[in-house]
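Q: give the three-dimensional model of this entry:
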Amino acid sequence: PYMLDILKDKNVNQDICYKAGILLGNLGEAGSVLAPEILNILKDKNADSYVRSSAAIALAKLGNTGVKYYPEIIDFLEDEKIKINFIPYIAKFLMNENVSDFFRRESAIVLSQFGKSSYKYVPYFAKLLKDKDENLDIDIRIGAAIALGNVGKPGIKYFPDILAFLKNDKIPSYKHNDLVDALRNLRKQGASYVPEIISFVKNNKIREDVRTDIANLLNSLDKSEIKLASDIIDLFRDEEVSVYLRSDAISVLGNLVKVDMKQFPKVLEFIKDENVDKDIRWAAANELKDMEIAIDKYIPTIINTVKN
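A: Numbers count the residues shown, from 1 in each chain. Predicted coordinates for the structure are as follows:
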């Protein structure tokens, strides 16, 4: 009660308030009877943010009692942007197997949003992602994958692991977008893995809509990946890959030309290839028609293509 009074007293030094919050949290389950009053301090938007921080720390450290207040703690972090002091406590939520699967997943995601302070937890995120123990809820592994996508460059090397995880048929369909977004984030940070992406797209055992989303990751090609242009174009020739998928991801070929004009003749040859489904060739031609690129020297080839 005395520690609680310190938190409530607006005249008390901020450092003392902070220490009072730590001490309240150290009570663990014994302090659970005080949790509702601590929560009131946390939710009081007129209170000093430092005092509210102390209340949040106290709740986070109350063990299993604090778990049910996790949503309020997260809301506070989002409102006040006061995060760094909470990292150790959020990490404890993630690592505590007695905490609910939902909270562990959210803990992983929140932990990944602290910039360089998140980097030390990357190995643990990766461990959870790759853990195939059937007793580990799939939701926690999803949270770990999202976290790896959020941390940026330290997560790049786990791109293939997230891609492999996407093959898991236990992942709910509404969660696929989160995983694709994680991969997209890593692509933006420089993750390449073009051969792995092509292999994934060709795998007919995986849902077609998921493979389409992964194929579209190739829209963010950079110049270092141009050496694989022929492999990418051949993906759109592959009759084993559905016409729908290839048509839906055809913008990849247009972006290939945008990145490197030297690929224009290759894409033009693709359009001329009568062994390729005409709808896909038509879609590829549409990708090129509005491009503001210098094609003067290719005009005779284009005319011959039209005549054919």
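Q: quick check: which ranges of the stretch 51-200 of the chain have low pLDDT?
A: 61, 63-64, 77-86, 89 (pLDDT under 70).
Q: quick one: the helices in it?
A: 64-67, 70-80, 87-95, 101-111, 122-130, 138-150, 159-165, 176-188, 194-202 (DSSP state H, counting those that start in this stretch).
Q: now those helices in TSV, with mean neighbour count and distance to Leu42?
A: The C-beta positions use only the backbone N, C-alpha and C, and glycine is treated the same way. Output for the helices of the stretch 51-200 of the chain, formatted as TSV (neighbours: other C-beta atoms under 10 Å; distance: least, C-beta to C-beta, whole Å):
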stretch	mean neighbour count	distance to Leu42
helix 64-67	19	11
helix 70-80	16	6
helix 87-95	18	13
helix 101-111	22	16
helix 122-130	19	27
helix 138-150	25	24
helix 159-165	19	35
helix 176-188	19	28
helix 194-202	18	44
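Q: and those helices as CSV, adding distance to Val257?
A: Output for the helices of the stretch 51-200 of the chain, formatted as CSV (distance: least, C-beta to C-beta, whole Å):
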stretch, distance to Val257
helix 64-67, 53
helix 70-80, 42
helix 87-95, 44
helix 101-111, 37
helix 122-130, 36
helix 138-150, 28
helix 159-165, 25
helix 176-188, 19
helix 194-202, 17
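Q: quick one, which of the ones you listed is nearest to Leu4?
A: Closest to Leu4 of those is helix 64-67 (C-beta to C-beta; 14.9 Å).
Q: can I have that closest one written out in PDB, keeping just the CAs?
A: Extracted C-alpha coordinates of helix 64-67, given in PDB (Å, rounded to 0.1, in the frame of the first residue of the first chain):
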ATOM      1  CA  ASN A  64       0.500 -14.600 -14.200                       C
ATOM      2  CA  THR A  65      -1.700 -11.900 -12.600                       C
ATOM      3  CA  GLY A  66      -0.200  -9.300 -14.900                       C
ATOM      4  CA  VAL A  67      -1.000 -11.300 -18.000                       C
END
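Q: for the stretch 201-308 of the chain, give me the ranges with low pLDDT.
A: Counting by pLDDT under 70, the stretch 201-308 of the chain has low-confidence residues at 290-308.
Q: and the strands in it?
A: For the stretch 201-308 of the chain, applying DSSP state E, counting those that start in this stretch gives no strands.
Q: in it, which spans are helices?
A: Using DSSP H, counting those that start in this stretch, helices in the stretch 201-308 of the chain cover 208-215, 229-235, 243-248, 251-259, 264-272, 278-289, 299-307.
Q: hmm, who's touching the longest one?
A: Residues from elsewhere that reach helix 278-289 (C-beta atoms under 8 Å, 6 or more residues apart in numbering): 236, 243, 246-247, 250-251, 253-254, 257, 264, 267-268, 270-273.
Q: which non-adjacent residue is nearest the most centrally placed residue in the chain?
A: Central residue of the chain (C-alpha atoms, centre = their mean): Ala182, 2.4 Å from the mean position. Once flanking residues are discounted, Ala182 sits nearest to Gly149: 2.6 Å by C-beta to C-beta, 6 or more residues apart in numbering.
Q: check Ile206 too.
A: Using C-beta to C-beta, 6+ apart, the closest residue to Ile206 is Lys167 (5.7 Å).
Q: that neighbour contacts Arg207, correct?
A: No - with contacts defined as C-beta atoms under 8 Å, Lys167 does not count as touching Arg207, sitting 9.6 Å away.
Q: quick one: neighbours of Leu39, just the number.
A: 19 (other C-beta atoms under 10 Å).
Q: run the chain-centre distance for the host helix or strand of it.
A: Here Leu39 is covered by helix 35-43, with elements defined by DSSP states H and E. Here helix 35-43 is found 33 Å from its chain centre; the criterion is C-alpha atoms, centre = their mean, to the nearest Å.
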